[in-house]
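J.: Next come a sequence and a model predicted from it.
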Amino acid sequence: MHNVESGDTLFGIALEYGVTAEAIQEQNGMADPNALSIGQALIIPLDEPKEAETSPEVQGNLILRTPTPLPLPEPHVALYPTAVGGIWCLGEVANSTAGPITNLQVQVTLLDELGTPLVTQRTLAAADYLPPAERAPFALLFAEPPAGAVKAEVVLRRAEPIGGITAGFLPLEVSQLTGGVSGPQYRVAGQLTNQATALVERVMVVVTLYDDAEQVLAYRQALLLEGESLNPGQLLEFVLLLTPRGKKAPASFQALAWGYRGH
């Protein structure tokens, strides 16, 4: 059983449990894969047989597992120790292809000084829809890292072109972006515009903060509209507060936004 939280998508939930989005949709009698609500309880069919790693393809509206991701630039990562001995790994994935992509899964392996792998974890990048030339952040917490872990190796395990049931994503234009220190946090504000000819529902925004070396300091993904629609040409203002790593103020920031085609 999975209780839907803010920012959850059917595709992200499916990847988290290692099943297909269609299987979850069928198990729960969902007519619309985008119609999730916060607190909704989803039954996860964990006994679903997994697809063979050698058969990446699209069958009908079902996106199967892809063993070889799109040829994107290698993700990078910055390591930040925690006060209780853990390690936060923050980085991002860049889309160098000519079209939008989705289902971005990253694998991070902690290494010792000699490059020996110590422990590996996977996570999803914080963007269901990543347009060309844009970047999506990710984060992993190693709560109890092995002794001697000093660097990380990052591999993109999954990245797919938009198609099938993911064709309902619609990008939103970000403008009037401003940022500044707000007490111990950093405040980013801006406007989103629906430039499509269709209604947009479940508006999502991701804001990322960078240091002067363009390493990710923090990011935040937020659901701005739930149960409402953004009409064609309509503006939506947003304000997000983030807590960056380190003591210096971020050197730069960016925002990425998308939604789901309304009915």
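T.: Thanks, I have it. Residues are numbered from 1 along each chain as shown.
J.: neighbours around Arg135, how many?
T.: Counted with other CB atoms under 10 Å, the burial measure for Arg135 works out to 21 neighbours. From N, CA and C alone the C-beta is placed, and that goes for glycine too.
J.: swap in the one 3 residues further on?
T.: Residue neighbour count, defined by other CB under 10 Å, stands at 24 for Phe138.
J.: which SSE is it in?
T.: According to DSSP states H and E, Phe138 maps onto strand 135-142.
J.: Now do the buried residues in that strand.
T.: For strand 135-142, the buried set under the neighbour-count rule, 16 or more other CB atoms under 10 Å, comprises Arg135, Ala136, Pro137, Phe138, Ala139, Leu140, Phe142.
J.: Contacts only, for the second one.
T.: What it means is Ala136. Residues near Ala136 by CB atoms under 8 Å, 6 or more residues apart in numbering: Glu92, Val93, Asn95, Leu104, Ala125, Ala126, Ala127, Leu130, Val206, Leu256.
J.: In helices, which of those appear?
T.: In helices, defined here by DSSP state H, there are no members of the contacts of Ala136.
J.: Identify the residue spatially nearest to Ala98, adjacent ones excluded.
T.: Leaving aside its chain neighbours, Ala98 sits nearest to Pro132 (5.9 Å; criterion: CB to CB, 6 or more residues apart in numbering).
J.: Tell me the spacing between the one you found and Gly99.
T.: As defined by CB to CB, to the nearest Å, Pro132 lies at a distance of 6 Å from Gly99.
J.: The contacts of Ala136 in strands, which ones?
T.: Using DSSP state E to define strands, the subset of the contacts of Ala136 located there is Glu92, Val93, Leu104, Val206, Leu256.
J.: Verify the stated contact: Ser37 with Arg202.
T.: No. Using CB atoms under 8 Å, Ser37 is not in contact with Arg202; the gap is 9.9 Å.
J.: Need the overlap of contacts for those two.
T.: Among the neighbours of Ser37, those also in contact with Arg202 (CB under 8 Å, 6+ apart) are Glu226.
J.: Between the two, which has more neighbouring residues?
T.: Just comparing Ser37 and Arg202: by other CB under 10 Å the higher neighbour count belongs to Arg202, 24 against 10.
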